[in-house]
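[1] Provided below for reference: sequence and predicted model.
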Amino acid sequence: MAAACTALFISVQSQKSTISIIPQPASVVQEDAGFILPHELFIILPQHEELKKIAGRLAAQLSAATGYDVKINEGNTPVRKSIFLSLSGDKSIPKEGYRLQVTTNGITLTAAEPAGIFYGVQTLLQLLPKEIVSKPAIKKDEWVIPVVTIEDHPRFGWRGIMLDVSRHFFTKEQVKEYIDEMVKYKFNLLHLHLTDDQGWRIEIKSLPKLTEVGSWRVDKTGTFGKFSPPAPSEPRTSGGFYTHDDIKELVQYAKDRFVNILPEIDIPGHSLAAIASYPELVCTPGTYKVNSGEQFMIWPGGGQHFYGLLDNTLCPANEKVYEFLDKVFTEVAQLFPFEYIHMGGDETARNFWEKSPLIKAMMKKEKLKDLNEVQSYFVKRVEKIINAKGKKMIGWDEILDGGLAPNAAVMSWRGMKGGIEAAKQGHEVVMSPTDFAYIDYMQGDAVLEPPVYATLRLKKAYQFEPVPEGVNAALIKGGQANLWTEQVYNTRHLQYMTWPRGFAIAEALWSPKDKRDWNNFSARVEKQFERSDAAQVKYAPSIYDPIFEVSKKDTATIMVKLSTEIDGLSIHYSFDNSFPDQYYAKYTAPLTVPKDAVTMKVITYRDNKAMGRMMVMPVTELRRRAGIK
Ligand code: ACM
């Protein structure tokens with residue numbers, strides 16, 4: 001009897017495969033059975049253009065992976081063992097939501113609108129074995145989908161990632177690939193940071209120099225921001241831009257995947273590329289070049305305001321600037337159907353404005369008492385231009401300084417406080433605070449990660465909560481992760497920086513708040529890593545690397561406390577310069593660094609398998625962190 005029970009238990013257990021979906025759906029009810037994909041598979045749907053496109057791409061993916069014959073049938077009658085897509089007037093399915101029912105007889109996916117069907121398909125793909133995304137295809141004897149009912153819808157309507165295509169340019173095809181990766185996790189907004197000091201990336205037909213001059217800089221390799229100043233003889237061959245046709249193609253590609261593209265023209269700061277093209281736009285006459293990654297801004301820290309070594313701002317006191325912006329926003333508004341245009345507004349260096357006779361005269365004329373009010377005057381005029389093109393304006397939270405423009409939405413990046421303030425004033429808000437959502441930051445220890453000036457670990461990103469206490473939640477449209485690309489030189493690294501933190505942000509923006517749980521999430525992240533490996537998408541394995549906490553025991557002795565972001569890893573270390581493995585000393589309690597040690601080497605293991613990367617920590621670095629001279 002006991003043996004029979006055990007056997008039964010094992011067989012039931014083995015049937016119930018673990019469902020692991022990111023972002024976590026609102027409701028998942030699983031049964032101990034599976035639907036086996038038939039070799040001849042129908043996707044059945046009503047006659048509907050958008051659904052047909054979704055079904056066509058699903059069919060292509062299924063047949064490429066399985067080798068099965070997958071057919072589209074616009075019949076609207078369910079057939080046994082098929083995938084049945086249907087749009088329903090059922091008001092119980094919220095916006096972008098879906099109901100996915102997998103039985104042993106087939107799959108039914110219902111939504112109130114095509115976007116919901118699209119998200120249901122993303123979930124369905126995550127229910128299939130990881131080989132469904134494999135490159136190259138790996139044949140399986142059977143493709144089984146767990147029997148399950150999933151009811152799901154997003155928590156927020158704005159689920160974004162910002163990609164900076166100025167500091168490093170990414171081609172139209174590379175942006176499409178990025179969209180493909182985003183939508184797997186139900187992101188629906190791509191914010192393109194199209195202009196900055198290092199490049200102007202969008203064709204403006206009425207202002208051709210923006211791309212003839214403004215899109216090109218000198219190609220340098222090393223650490224951006226610390227490059228040698230370019231010589232006049234060095235060719236400006238690095239860069240690129242999107243033509244009107246490119247933008248139209250990208251917008252359509254995104255639309256077919258239910259992604260809006262938010263264009264950003266970052267003004268009045270960060271405008272060197274525009275100034276290099278049209279020098280009359282700056283308050284400070286001179287000769288200007290697109291920045292090639294050499295230092296030109298100073299960030300003194302210690303509460304001091306940053307300043308420019310040259311003037312990289314559009315001149316708010318020059319009427320020509322508003323004529324220029326009218327032309328730019330006319331074309332931008334025509335190209336991008338999304339209801340918002342982002343005008344930047346962040347990090348305007350003020351040191352040249354302080355000295356400018358033009359600004360002084362304008363302050364007198366317009367009765368502006370300080371430079372915050374000068375910037376606010378500029379932003380309000382920009383809002384009028386953008387509104388006149390039929391668009392709403394959004395800007396970084398600096399647009400609050402000196403008084404917010406009447407209709408502006410605010411993207412809060414210097415923490416949540418700008419967003420809180422804007423919401424208190426009744427304005428719409430998108431949250432993208434550095435503390436949780438800056439995916440350009442390092443995701444682990446600086447001795448391992450490519451250098452960036454700050455760190456954001458996955459566990460911290462997962463704590464992102466877009467609605468702060470005490471604000472009107474209806475004004476918080478959602479949030480986004482921001483990927484600045486000063487230190488992102490290629491698409492593999494673009495992926496590395498985006499994943500897995502993009503998973504965390506996706507879940508913060510999609511899943512019900514009460515469904516979020518770090519241990520559960522991190523286990524699903526590990527499952528996603530297997531899919532990313534199969535799909536040849538790079539991700540950061542930093543959750544496997546230990547966290548160092550360094551302190552001083554006495555004036556000469558360093559204490560090291562080690563921990564890990566996820567459970568179940570053992571940490572092994574050496575101080576003798578050799579490489580530790582699982583047979584080396586296992587970390588159990590804070591360590592004292594031996595007096596003469598030169599390096600501490602650390603690695604994590606699980607089940608006899610190295611999980612983390614070999615961390616080589618110089619003792620000089622430990623001493624620095626401990627504050628020992
Ligand atoms: C920003 O990170 N400067 C918006």
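    Good, I have the coordinates.
[2] now the residue of the chain found nearest the ligand: closest residue in space, sequence neighbours ignored.
    With Cβ to the nearest ligand atom as the measure, residue 346 is the residue of the chain nearest to the ligand, at 3.9 Å. Using the backbone N, CA and C atoms, a C-beta is placed for each residue, glycine as well. Leaving aside its chain neighbours, residue 346 sits nearest to residue 396 (3.7 Å; criterion: Cβ to Cβ, 6 or more residues apart in numbering).
[3] same question, residue 251
    Nearest one to residue 251, counting by Cβ to Cβ, 6+ apart, is residue 261 at 5.7 Å.
[4] can you tell me the SS state at that neighbour?
    strand (DSSP: H, G, I helix; E, B strand; the rest coil).
[5] try residue 116
    Applying three-state DSSP: residue 116 is helix.
[6] residue 93 is in contact with that one, correct?
    Yes - here residue 116 reaches residue 93: they are 6.4 Å apart, a contact under Cβ atoms under 8 Å.
[7] burial count for residue 38?
    15 (other Cβ atoms under 10 Å).
[8] typed the wrong thing, it's residue 223
    13.
[9] so what pLDDT did it get?
    pLDDT for residue 223: 95.
[10] wait, it sits on residue 452?
    No - taking contacts as Cβ under 8 Å, residue 223 lies outside contact range of residue 452: 9.9 Å.
[11] intersection of neighbour lists for these two?
    residue 487 (Cβ atoms under 8 Å, 6 or more residues apart in numbering).
[12] mind checking pLDDT for residue 302?
    86.
[13] does the residue nearest to residue 137 when sequence neighbours are not counted fall in a helix, a strand, or a coil region?
    Leaving aside its sequence neighbours, residue 137 sits nearest to residue 65 (Cβ to Cβ, 6+ apart; 5.4 Å). Secondary structure, three-state DSSP: residue 65 is helix.
[14] give me the number of residues near residue 65?
    23.
[15] residues making contact with stretch 69-81?
    35, 38-47, 52, 55-56, 59, 62-63, 82, 84, 86, 105-106, 108.
[16] show me those that map onto strands.
    Among the contacts of stretch 69-81, the members falling in strands (DSSP state E) are 35, 40, 41, 42, 43, 44, 84, 86, 106, 108.
[17] can you select the buried ones among these for me in ChimeraX?
    To isolate the buried members of the ones in strands among the contacts of stretch 69-81 in ChimeraX, using 16 or more other Cβ atoms under 10 Å:
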select :35,41,42,43,44,84,86,106,108
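[18] farthest pair within the ones in strands among the contacts of stretch 69-81?
    Pairwise distances across the ones in strands among the contacts of stretch 69-81 peak at 21.0 Å for 40 and 86 (criterion: Cβ to Cβ).
[19] please enumerate the shared neighbours of residue 116 and residue 93.
    residue 153.
[20] more neighbours, those two?
    When neighbours are counted by other Cβ under 10 Å, residue 116 comes out ahead of the other of residue 116 and residue 93, with 26 against 20.
[21] show me what contacts that one?
    93, 95, 96, 97, 98, 153.
[22] counting neighbours, which of the residues you listed end up buried?
    93, 96, 97, 98, 153.
[23] closest one to residue 285 out of the residues you listed, please.
    residue 96 (51.3 Å).
[24] that closest one in helix, strand or coil?
    Residue 96 - assigned by three-state DSSP - is coil.
[25] excluding chain neighbours, what is closest to it?
    Using Cβ to Cβ, 6+ apart, the closest residue to residue 96 is residue 115 (4.7 Å).
[26] and the pLDDT at the one you found?
    98.
[27] and for it, the neighbour number?
    20.
[28] for it, give me its contacts.
    Counted by Cβ under 8 Å, 6+ apart, residue 115 has contacts 95, 96, 188, 258.
[29] what pLDDT is listed against the first one?
    It stands for residue 95. For residue 95, the pLDDT comes out at 96.
[30] which stretches of the stretch 451-600 of the chain form helices?
    458-461, 491-498, 501-510, 518-535 (DSSP state H, counting those that start in this stretch).
[31] so which of these is the most surrounded?
    Most buried of the helices of the stretch 451-600 of the chain, by mean neighbour count (mean count of other Cβ atoms under 10 Å): helix 501-510, with a mean of 26.
[32] contact partners of that one?
    22-24, 154-156, 158-159, 161, 182, 185-187, 436-437, 439, 443, 456, 458, 461-462, 464-466, 478-481, 516, 521, 524-525, 528, 540.
[33] try 6 Å
    22-24, 154, 156, 159, 185-186, 439, 458, 461-462, 464, 478-479, 481, 525 (Cβ atoms under 6 Å, 6 or more residues apart in numbering).
[34] among those, which lie within strands?
    Reading strands off the contacts of helix 501-510 with DSSP E, I get 159, 478, 479, 481.
[35] widest-spaced pair of those residues?
    Checking the ones in strands among the contacts of helix 501-510 with Cβ to Cβ, the most distant pair is 478 and 481, at 11.4 Å.
[36] looking at the two, which is more packed in?
    Neighbour count, other Cβ under 10 Å: between residue 478 and residue 481, residue 481 has more, with 30 against 22.
[37] what's near enough to touch that one?
    Residue 481 touches 161, 437, 439, 502, 505, counting by Cβ under 6 Å, 6+ apart.
[38] leaving out the residues flanking it, which one is nearest to it?
    Closest to residue 481 by Cβ to Cβ, 6+ apart is residue 505, at 4.3 Å.
[39] hang on, residue 147 is in a strand, isn't it?
    Yes - checked against three-state DSSP, residue 147 lies within a strand.
[40] now do the same for it: its pLDDT.
    98.
[41] tell me the contacts of it?
    31, 33, 102, 103.
[42] wait, doesn't residue 120 sit right on residue 100?
    Yes - using Cβ atoms under 6 Å, residue 120 makes contact with residue 100 at a distance of 4.8 Å.
[43] overlap of the contact sets of these two?
    By Cβ under 6 Å, 6+ apart, the residues touching both residue 120 and residue 100 are residue 109.
[44] for the protein, what helix or strand is lowest in average pLDDT?
    helix 2-15 (a mean of 46; mean pLDDT, DSSP states H and E).
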